[in-house]
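K.L.:
Below is the structure, and that's it, no one-letter string:
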Ligand SMILES: *Cc1c(COP(=O)(O)O)cnc(C)c1O
C-alpha cells in the first residue's frame, strides 16, 4: 500500500510547477492512508464532510496537519467547521461569509477563506459569478473575522480541454484583478491544465490516494 502511495506521490511531483501546492483530498479514505501520505511530508489535507473529517482529525492529532474544508458549507455547520478547519475553500455568498466572520470572531478564530466562483454555467455546482462577486466585493473585504486569500473553482464535468484551460485562466485573471494570491483549481483529471494556468492549490484525491473506498459524492 505504501509503495503505490509513493509512486502516485512521485508522479504528482514530476512536472508540477512549484507555484502549485498540493492539497491532498482525503475524503473517502481512512486515517491510515492519510498517515502514509503525511510520511512524505504532506501537511495539507482536504475534506468535504464534517463528521468524517472530525473522526480523522481525532485519530491524527499527533501529526499537526492543516485541514481544508472543500465541501458545500451549510449554514448550520459553520461553527464546527470554523473550529476544526484552518482554510475554507467553499464560501459562495455574502450571507455565508458574514456568518463565517461573525462565528469566527465568537470563537476567536480567523480562518483563511477562498471564495467559490462559477465562471461557466453548471447546474451541479454552487459559486458566485464574476458580476456577483464584484457587486459584493467591498462588503466581503470589510468582514473582520476572515482572511480572504483567493478564489476556488471547479470545471463542469466533461468540459473540453481548451474550454477548461480558458476557464482556469479566467479564474486566475479574476483573482489577480482582486489582488488575491490563491487560486484553488484543478483535480485529479485536470490538474496539469490548472497548474499551467496559475493554480496555487491543486485539490487532488484519487490521483494520490487511489479510488475512494467510501462513496462521498462531491457535496458541491
Ligand atoms: C473530491 C473533490 C476533489 C478531488 O477529486 P479527485 O477527482 O479525486 O481528485 C477536489 N475538489 C473537490 C471540491 C472535491 O469534492
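P.N.:
Received it, and whenever you're ready, just let me know what you need. Not measured: the values here are computed from a predicted model.
K.L.:
Which positions in the protein make contact with the ligand?
P.N.:
For the chain, the contact set with the ligand under Cβ under 6 Å from any ligand atom comprises 25, 27, 48, 70, 187, 188, 203, 204, 205, 206, 207, 218. Every C-beta, even on glycine, is put in place using the N, C-alpha and C of the backbone.
K.L.:
What does the pLDDT read for the spatially closest residue to the third one that is not a sequence neighbour?
P.N.:
To tie it back to what came earlier, the one meant is residue 48. Closest residue to residue 48 apart from its sequence neighbours, by Cβ to Cβ, 6 or more residues apart in numbering: residue 71 at 2.9 Å. Predicted confidence (pLDDT) for residue 71: 97.
K.L.:
same question, residue 6
P.N.:
Value listed for residue 6 in the pLDDT field: 87.
K.L.:
Confirm that it sits in a strand.
P.N.:
No: the assignment for residue 6 (DSSP: H, G, I helix; E, B strand; the rest coil) gives helix, which keeps it out of a strand.
K.L.:
what are the ranges of the strands in the protein?
P.N.:
21-25, 44-47, 66-69, 87-91, 112-116, 147-152, 182-184, 201-204 (DSSP state E).
K.L.:
which helices and strands does the first one pack with?
P.N.:
To tie it back to what came earlier, the one meant is strand 21-25. On a contact count with 3 or more Cβ pairs under 8 Å, 6 or more residues apart in numbering; DSSP states H and E, strand 21-25 meets strand 44-47, strand 201-204, helix 206-209.
K.L.:
Show me which residues of stretch 47-65 are buried.
P.N.:
47, 48, 49, 50, 52, 53, 54, 56, 57, 60, 65 (16 or more other Cβ atoms under 10 Å).
K.L.:
Output those residues in CSV; the columns should cover pLDDT.
P.N.:
Converted to CSV, the buried residues of stretch 47-65 look like this (pLDDT from 0 to 100):
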residue, pLDDT
47, 98
48, 97
49, 97
50, 98
52, 97
53, 98
54, 98
56, 98
57, 98
60, 98
65, 98
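K.L.:
if I pick whichever residue of the chain sits closest to the ligand, what's in contact with it?
P.N.:
Using Cβ to the nearest ligand atom, the single residue of the chain nearest to the ligand is residue 205, 2.5 Å away. Taking Cβ atoms under 8 Å, 6 or more residues apart in numbering, we find residue 205 in contact with 24, 25, 26, 27, 28, 46, 187, 188, 212.
K.L.:
Would you map the helices across the protein?
P.N.:
2-14, 31-38, 50-59, 78-84, 94-106, 130-141, 161-177, 191-196, 206-209 (DSSP state H).
K.L.:
Turn the ones you listed into TSV, including distance to residue 151.
P.N.:
Shown next, in TSV, are the helices of the chain (distance: least, Cβ to Cβ, whole Å):
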stretch	distance to residue 151
helix 2-14	22
helix 31-38	26
helix 50-59	22
helix 78-84	19
helix 94-106	13
helix 130-141	8
helix 161-177	5
helix 191-196	12
helix 206-209	22
